[in-house]
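1. When you get a sec, could you give me coordinates for this:
(chains A and B)
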Amino acid sequence: MSITTTTNRRIPDQLTSPVSRVLRSWESLLLLVAVFIFTLNSFASPYFLDPWNLSDATFNFTEKAMIAFAMALLIIAGEIDLSVAAIIALASTAMGLVMQAGFGTPVIVLTGLATGLICGGFNGLMVTRLGLPSIVVTIGTMSLFRGISFIILGDGAFRGYPDSFAVFGQGYAFWVITVEFVIFALLAVVYAVILHRTNFGRAVFAVGNNPTAALFSGIRVARVKMILFLLTGLMSGLAAVCLTSRLGSTRSSIASGMELEVVTMVVLGGVNILGGSGTIGGVVIAAFVMGLVTFGLGLLNVPGIVMSIFIGLLLIGVIALPRLWSRIRSR
Amino acid sequence: MSMLKSREANLTGAILLLLALIATRFPGFVAPANLMAVFNDTSPLMILALGQMVVILTRCIDLSVAANLALTGMICAMLNVAFPGLPVAVILIVALACGAVMGAVNGLLVWKLAIPPIVVTLGTMTIYRGIIFLLSDGAWINSHEMSASFTGFPRTPILGLPVLGWLAIIVTAGMALIMARTPMGRSFYAAGNNPHAAVYTGIDVGRAQFRAFVISGTLAGLAGYLWISRYAVAYVDIAGGFELDVVAACVIGGVSIAGGVGTVLGTILGALFLGVIKNALPVVDISPFWQLAISGAAILVAVTFNSRSGRSRGRIILKSAGQGT
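-> Numbers count the residues shown, from 1 in each chain, chains lettered A, B, ... in the order given. As a prediction, this is how the structure comes out:
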């Protein structure tokens, strides 16, 4: 202890109390932002605090958040998947084909999930077997997957999904709680347990922090990454089921640009884009923040593209401001 | 070095093979006039890809180039509508300045705040697009609102090739000169190849990245005016998703996404490869809906191929090291 007092060193962070660490964490800052936006919204528009409106607002983020959970794990492990929106397009197209062939809801749903899994597996194989950088692979598959959807659908559309299929995107579990929200909440718990309470979760952090060290400590790095790509593909398939069910139709331009919103959600949630750190709790709060911002601005008749300015500013702002603050303080 | 050269030779071979295949069914495609038209059509992609190459060399990525292009184009078009008498030279300076400022914003965030480039440019991409909407209120600016000199400039033919194509050649020559013959150009390679070693040789890696973003932004600004005036229309979604084509051109051209490896010639060939495919599809009667899937497959094939040649080079180094000890 005498060293810290004599040599004017900064006190190591282990010495701060757990309470102040929680208070200063990224998640609490984000929660503060969420509460602030919520309060602002309820003053700005009289329609905001209606339970049915709030229930509608959850659609703004539930589908994206499903993918964001898996993407968070993938980014923590040091990889990224930019093809998720294209996987949605391909999975939705596959579901449309199966539907036209006359199959019922269970087969349609399974087709969507399987397509997602196959696409994720393809990404994973390219990255783990050929040792290619994931950003390049998924920029390629992003064009490839949506391109296949374009070839099949052109400028046409699949319509006429069976009524029983509508439950995923349009159904309510009870009162104002939607089926999608229930799926979102369940997945949040599942992913939080996987990442923060299992050996696999520790392996994900280890791989992201130092893949070489992880390999030498007996972690099968390629297998961990492969599983994460498969999971991200599966979640994109699930999001495709929900989105297709909600829209009731498939076009090849479905969910275009969604990959950026998913990545924004993950980064906003405090996951280090360079890998190695992050929490599912942060992603959950980030999902609410993004949902609240888009919904609140929507109630104020702000067009979607202007909302995207706010999302972009939010993304850069939440990362830049703490760094700016620490720079000013260190001077 | 010989491996790098052979990579460009391979790509040239691939392009020639592609042209030969098309020529067997449609000889008209390889007529000089048509090849010139293909080159001209690929010019904006070449200009943007050269900027992107510099950014990728320094281990960064610029996903905001298409949004930068669209915003600069909209500003130029609005300027032209407000002051129809403004000479093209002034518009060009405005375009370069606008692009440079947007590139500098990216660069400053990466350099001074050390935010990962992919995050910065994802953010600025949506912000720049949004600003176009705020400026234009979502309205289109159509050809009849633009002055004749404004839309005519990139189409003016000089020796058979329009100004647009000549500008691509000038930018290529300029970039080749900068990359090979100036300390700044070499610093991009150094900063990307080994940032720590670059610091010890007195290169400010952050500053090199900042300069790379400014170059990329400036070229995007130039391409912005050229795009708007060539197609004679400006609206919010112009060149949407084009940033991926630009990155694809670099990757196909052998620019390593890990930084430090890439040449001007390779990048140009990468862009031309995509340009030939894009222009050939309607000729060989394949639905344009195939284009997206084909360029995606081309990226995957190219990056697989490049990593193979890169890996064998690595093995040779390891072998000689093993023999030495």
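2. Which positions in the stretch 1-150 of chain A make contact with chain B?
-> A:80, A:126, A:130-133, A:135-137, A:139-148, A:150 (CB under 8 Å from any CB of the partner chain). For every residue, glycine as well, the C-beta is placed using N, CA and C.
3. Pull the number of nearby residues for B:Val214.
-> 23 (other CB atoms under 10 Å in any protein chain shown).
4. For the residue nearest to it when sequence neighbours are not counted, what is the enclosing helix or strand?
-> Leaving aside its chain neighbours, B:Val214 sits nearest to B:Gly103 (4.6 Å; criterion: CB to CB, 6 or more residues apart in numbering or on different chains). According to DSSP states H and E, B:Gly103 maps onto helix B:88-112.
5. Give the next helix or strand downstream of that helix.
-> Past helix B:88-112, the next helix or strand by DSSP H and E is helix B:117-136.
6. before we move on, back to that, could you measure from the residue nearest to B:Val214 over to chain A?
-> 15 Å (CB to the nearest CB, to the nearest Å).
7. how many neighbours does that residue have?
-> 29.
8. Show me what the helix or strand harbouring B:Val246 is packed against.
-> Element membership of B:Val246 [criterion: DSSP H and E] is helix B:242-252. Of the remaining helices and strands, those touching helix B:242-252 by 3 or more CB pairs under 8 Å, 6 or more residues apart in numbering or on different chains; DSSP states H and E are helix A:134-153, helix B:32-57, helix B:65-82, helix B:264-283, helix B:291-324.
9. Now that we have the residues of the stretch 1-150 of chain A next to chain B, which of them are buried?
-> Neighbour-count burial (16 or more other CB atoms under 10 Å in any protein chain shown) applied to the residues of the stretch 1-150 of chain A next to chain B gives A:80, A:126, A:132-133, A:135-137, A:139-148, A:150.
10. Quick check: whichever residue of chain A sits closest to chain B vs A:Val284, distance?
-> Across chain A, the shortest distance to chain B (CB to the nearest CB) belongs to A:Gly147, at 2.6 Å. Distance of A:Gly147 to A:Val284, computed by CB to CB, to the nearest Å: 33 Å.
11. And A:Ala65, by the same measure?
-> 7 Å.
12. Give the residues shared as contacts by those two.
-> When contacts are counted by CB atoms under 8 Å, 6 or more residues apart in numbering or on different chains, A:Ala65 and A:Val284 have A:Ala188 as shared neighbours.
13. For the stretch 201-331 of chain A, what lies in contact range of chain B?
-> Proximity of the stretch 201-331 of chain A to chain B, by CB under 8 Å from any CB, involves residues A:252, A:260, A:263-264, A:267, A:273-274, A:303, A:305-306, A:308-309, A:311-313, A:315-316, A:319-320, A:323-324, A:327.
14. For the chain, which residues score under the pLDDT cut-off?
-> Went with chain A since none was named. For chain A, the stretches with pLDDT under 70 are A:1-24.
15. ah, no, chain B please
-> B:1-5, B:308-325.
16. Enumerate every residue touching the spatially most central residue of it.
-> The centre of chain B sits closest to B:Ala49, judged by CA atoms, centre = their mean, with a distance of 1.7 Å. By CB under 8 Å, 6+ apart, the contact list for B:Ala49 reads B:Val246, B:Ala249, B:Cys250, B:Gly253, B:Thr267, B:Ile268, B:Gly270, B:Ala271.
17. Nice, that's everything, thank you.
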